[in-house]
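S.K.: attaching a predicted model along with its sequence, questions to come.
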Amino acid sequence: AQTVTQSQPEMSVQEAETVTLSCTYDTSESDYYLFWYKQPPSRQMILVIRQEAYKQQNATENRFSVNFQKAAKSFSLKISDSQLGDAAMYFCAYEHENEKLTFGTGTRLTIIP
Amino acid sequence: DAGVTQSPTHLIKTRGQQVTLRCSPKSGHDTVSWYQQALGQGPQFIFQYYEEEERQRGNFPDRFSGHQFPNYSSELNVNALLLGDSALYLCASSILAGAYEQYFGPGTRLTVT
């Protein structure tokens, strides 16, 4: 069974600085998708970024980028120029063949003004 | 373009009662997945519906059942409610043959007393 591990329950960063959230996963599949979702206090789960396992190039979306290490089964999220609106729970998730999403336990990110 | 909608927003039920939660998928989406998110945890997969059939199921008892209608909307039913069923219930929609991204609704907060 696939598992997703987020070892940082909480992180904090100064506004405008850079922060990296860690995620590791376990799977026997070679083709899959990885995601980072953001869940603010409003509860809405918002997709931040996704990575396809067969693509070696790391995904980027504006201030958000990932460091995908397939052999190490590591998928970290880097947030540059942190903004107050980035404060939220961040969940790493795994998906294979459009089946269920398997989530980690989340990292609560606090932005310090 | 309306995103994923869920109703009701909040619900309070008594132990032993039954509850029905509803979800309308994003326009153009044909697949609906349901997740349970306990306080402070990541979402856990309940089941997924496609073409009005349950396509896959997570590790939840038979008290949890669902349905998908011809217009792709979906219901989650929980019978014989337990205190432990108190959680945020999230609905996500996607296109089965698509890019594997699941879009989430705002959730229904169920409290069982």
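M.R.: Everything's here; your move. Numbers count the residues shown, from 1 in each chain, chains lettered A, B, ... in the order given.
S.K.: partners of B:Gln48 in the sheet?
M.R.: In this entry, B:Gln48 is beta-bridged to B:Ser33, B:Gln56, by DSSP bridges.
S.K.: what parts of chain B come near chain A?
M.R.: For chain B, the residues in contact with chain A (CB under 8 Å from any CB of the partner chain) are B:31, B:33, B:35, B:41-45, B:48, B:56, B:58, B:88, B:90, B:92, B:94, B:96-98, B:100-107, B:109. Where you see a C-beta, it was placed from the backbone N, CA and C, and this is true even at glycine.
S.K.: please check these and keep the buried ones.
M.R.: Buried members of these, counted by 16 or more other CB atoms under 10 Å in any protein chain shown: B:31, B:33, B:35, B:42-45, B:48, B:58, B:88, B:90, B:92, B:94, B:100-107, B:109.
S.K.: can you flag which of these belong to strands?
M.R.: Using DSSP state E, B:31, B:33, B:35, B:44-45, B:48, B:88, B:90, B:92, B:94, B:103-104, B:109 are the members of those that sit in strands.
S.K.: distance to A:Thr3 and pLDDT for these - can I get that in TSV?
M.R.: Shown next, in TSV, are those (distance: CB to CB, whole Å; pLDDT from 0 to 100):
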residue	distance to A:Thr3	pLDDT
B:Thr31	24	93
B:Ser33	19	95
B:Tyr35	16	97
B:Gln44	13	96
B:Phe45	13	96
B:Gln48	19	95
B:Leu88	22	97
B:Leu90	20	97
B:Ala92	20	95
B:Ser94	22	91
B:Tyr103	24	92
B:Phe104	21	95
B:Arg109	27	97
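S.K.: look at B:Ala2 and report its pLDDT.
M.R.: pLDDT for B:Ala2: 76.
S.K.: residues contacting it?
M.R.: B:24, B:26-27 (CB atoms under 8 Å, 6 or more residues apart in numbering or on different chains).
S.K.: what of B:Gln6?
M.R.: Under the criterion of CB under 8 Å, 6+ apart, the neighbours of B:Gln6 are B:21-24, B:89-91, B:105-108.
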